[in-house]
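1. Got a sequence here, can you model it:
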Amino acid sequence: MKIYIFLIHIESRAICRYLELKYKGQGTELIPSKNTAAQGLFEQAASIETSYYDPYASAIVAEKVFKK
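-> Numbers count the residues shown, from 1 in each chain. Next comes the predicted model:
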C-alpha cells in the first residue's frame, strides 16, 4: 500500500494529463484549451505546484514510505 501511495504521488500530473486527453470533449475540460489566457494560468499553476509543493511533499512521502 505504501509504495502505491508514493507512485500515485509522483505520477499524479501525468495521470491528470492522460485523463484529460482520453476523455476530451466528454465533459468539463480539466486543462483549458480554447482560451489561451486560461491555459497559461493553468500551466503557471502546474509549474508552481511542481516547484514549490512537490519537493516538500516528495520528501514527506519518501520518509513515510522508505524510512520505516
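2. and the spatially most central residue of the chain, what does it touch?
-> Residue closest to the average C-alpha location in the chain (Cα atoms, centre = their mean): Arg13, at 2.6 Å. By Cβ atoms under 8 Å, 6 or more residues apart in numbering, the contact set of Arg13 is 46, 49-50. In this view, the C-beta of every residue, glycine as well, is placed from N, C-alpha and C.
3. Ranking helices and strands of the protein by mean pLDDT, which lands last?
-> helix 2-22 (a mean of 71; mean pLDDT, DSSP states H and E).
4. So among the contacts of Arg13, which ones count as buried?
-> By neighbour count, with 16 or more other Cβ atoms under 10 Å, those hold no buried member.
5. So which of those residues sit within helices?
-> Among the contacts of Arg13, DSSP state H puts Ala46 in helices.
6. okay, the contacts of Arg13 in TSV with pLDDT and distance to Ala38 next?
-> TSV is the format used below for those (pLDDT from 0 to 100; distance: Cβ to Cβ, whole Å):
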residue	pLDDT	distance to Ala38
Ala46	80	13
Glu49	74	17
Thr50	73	19
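7. Check the contacts of Arg13 against Lys22 and report the nearest one.
-> Taking Cβ to Cβ as the measure, Ala46 is the one of these closest to Lys22, at 18.2 Å.
8. contacting residues around that closest one?
-> Arg13.
9. how much space between it and Ala37?
-> From Ala46 across to Ala37, the span is 15 Å (Cβ to Cβ, to the nearest Å).
10. what does Lys22 give?
-> 25 Å.
11. Can you give me the first-to-last residue distance of stretch 42-54?
-> This stretch, stretch 42-54, spans 16 Å end to end (Cα to Cα, to the nearest Å).
12. list the buried ones in that stretch?
-> Within stretch 42-54, the residues that count as buried by 16+ other Cβ under 10 Å are Phe42.
13. Same check on stretch 26-35?
-> Glu29.
14. Run through who's touching that stretch.
-> Residues from elsewhere that reach stretch 26-35 (Cβ under 8 Å, 6+ apart): 16-17, 19-20, 38-39, 41-42.
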